[in-house]
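Peer 1: next one to model:
(one chain, ligands or ions: 1)
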Amino acid sequence: MLVVANWKMNPLSVEEAKQLFSTISQKEEVVICPPCPFLYLGKNFVLGGQNCSNKKEGSLTGEVSAFMLNSIGCKYVIVGHSERRVIMKETDDIINIKALMAIDAKLTPIICVGEINKSNKGEEIERQLKIALNGINKDVVVAYEPIFAIGTGNPCSIDVANERRELIKNILKEKGLEKSLVLYGGSVNSENVSFYTKQAGFDGVLVGKASLDANEFNKIIENALCSRKS
Ligand code: 13P
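Peer 2: Next comes the predicted model:
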């Protein structure tokens, strides 16, 4: 079970970031992905980057290498988040290179996939995942994050989420990566988390907004870990 916090571009000050780190339950199943300037504050946590470059090093102003993330103690890096696919126009091929770069740097990539359109029957995530996994022969983490559920307060229905989880698991199996964890992300909160971790059988969750409220996030952690035990 993995509970991953994606703080995105929040909070705005070091004081607020310190406050969040000091109040979040620190557990081996909990991964915090803060903005890069705050990574040093979370030394006692399992840490992840929110993005990495598709290049190892060089003249790339503003970019962060997966190797740098590894060297400061990160274990994970998110790649292919829909905000980067849509806003930064990252392609499936770029995401594949980033995932390979992460593995090269001894990080586990958290590969995000998710359809833009609700009426899509899974072909979009199938394409995204198959391309992202090209050349990968090590277990990864895959996060199913449908765009319509991100930041909207309208999480994906359990039935659709379960169908997508099965599709993702099958693709991972075909590639010999069946031990890879599959997470759900999109409007997760303390009330709905166990629908995903228990009913829909996900191996954990990727949490945006609710991870910025330590009380709420601690409840999400508790409920997610609880569903694993029962
Ligand atoms: P929300 O939990 O705010 O919907 O964001 C999900 C997400 O994008 C996590 O990566």
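
Peer 1: near the ligand, which residues of the chain show up?
Peer 2: Contact residues (C-beta under 6 Å from any ligand atom) of the chain with the ligand: 6, 81, 145, 150-151, 185-188, 206-210. In this view, the C-beta of every residue, glycine as well, is placed from N, C-alpha and C.

Peer 1: for residue 169, which three-state class applies?
Peer 2: Remark: residue 169 carries the secondary structure label helix [criterion: DSSP: H, G, I helix; E, B strand; the rest coil].

Peer 1: tell me the secondary structure for the closest residue to it other than its chain neighbours?
Peer 2: Spatially, and ignoring its direct neighbours in sequence, residue 169 is nearest to residue 182 (6.2 Å; C-beta to C-beta, 6 or more residues apart in numbering). Of the three states, residue 182 takes strand under three-state DSSP.

Peer 1: show me what residue 182 is bridged to.
Peer 2: residue 142 (DSSP bridges).

Peer 1: pLDDT wise, what is it at?
Peer 2: For residue 182, the pLDDT comes out at 98.

Peer 1: check contacts around it.
Peer 2: For residue 182, the contacting residues are 141, 142, 143, 144, 165, 168, 169, 172, 202, 203, by C-beta atoms under 8 Å, 6 or more residues apart in numbering.

Peer 1: now do residue 199
Peer 2: Going by C-beta under 8 Å, 6+ apart, residue 199 touches 158, 162.

Peer 1: go on, residue 134?
Peer 2: Residue 134 makes contact with residue 96, according to C-beta under 8 Å, 6+ apart.

Peer 1: point me to the helix or strand that includes it.
Peer 2: Following DSSP states H and E, one finds residue 134 outside all helices and strands.

Peer 1: can you check residue 20 too?
Peer 2: Here residue 20 is assigned to helix 14-23, by DSSP H and E.

Peer 1: who does that helix touch, helix- and strand-wise?
Peer 2: If you count contacts as 3 or more C-beta pairs under 8 Å, 6 or more residues apart in numbering; DSSP states H and E, helix 14-23 packs onto helix 214-229.

Peer 1: flag every buried residue along the helix it packs on.
Peer 2: For helix 214-229, burial by neighbour count (16 or more other C-beta atoms under 10 Å) applies to 214, 216, 217, 219, 220, 221, 223, 224, 225, 227.

Peer 1: all set, thanks.
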